[in-house]
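Trainee: Could you work out the structure for the sequence below:
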Amino acid sequence: MARNQLRPLFDRVVIKELEPDRMRQSGLVVPAGSHEPPPQHGIVLAVGQGVDWWEAAGVQMPVRPGDHVVFPASAGAWVEVDEERLLVCRVTELLGVLERVEQPLGDPRLGDALGEG
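Mentor: Here you go, the predicted structure:
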């Protein structure tokens with residue numbers, strides 16, 4: 001069976017939302033009825049080609065498919081494609097890209113956080 005794929009235009013990205021997690025690593029639980037929803041997480045599925053002046057200015061799309069991104073609950077528009085809920089938003093609405101950083105044990109920058117400094 002054929003499957004549809006949403007191709008974003010210009011500076012837009014298509015994101016598949018990851019399951020919302022209201023429990024923080026610190027153990028803090030963000031209640032479901034709080035006034036400010038927590039930032040959402042998702043995986044970039046597709047990116048647009050950017051806008052016409054970007055190439056002349058040397059600007060490249062800052063995300064690529066597969067990136068794990070964080071975005072506010074108010075970002076973009078939700079659409080359904082083949083029964084899958086996807087977010088389409090401008091790249092400028094994204095808050096950031098989550099990247100795994102390996103830190104060696106005994107990193108001096110963590111001294112106070114670990115109660116060692």
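
Trainee: could you point out which element follows the lowest-mean-pLDDT helix or strand in the chain?
Mentor: Least confident helix or strand, the chain: helix 52-57 with a mean of 88, by mean pLDDT, DSSP states H and E. Of the helices and strands lying after helix 52-57 in sequence (DSSP states H and E), the nearest is strand 68-71.

Trainee: Specify the beta-bridge partners of the residue nearest to the spatial centre of the chain.
Mentor: Closest residue to the average C-alpha location of the chain: residue 69 at 1.8 Å, with CA atoms, centre = their mean. Residue 69 forms beta bridges with residue 42, residue 97, as assigned by DSSP bridges.

Trainee: quick one: it and residue 63 touch, right?
Mentor: Yes: shown here, residue 69 and residue 63 form a contact pair, counting by CB atoms under 8 Å, at 6.2 Å. C-beta here means a position set from N, CA and C on the backbone, and glycine is covered the same way.

Trainee: Pull up the overlap in contacts between these two.
Mentor: 13, 44, 94, 97 (CB atoms under 8 Å, 6 or more residues apart in numbering).
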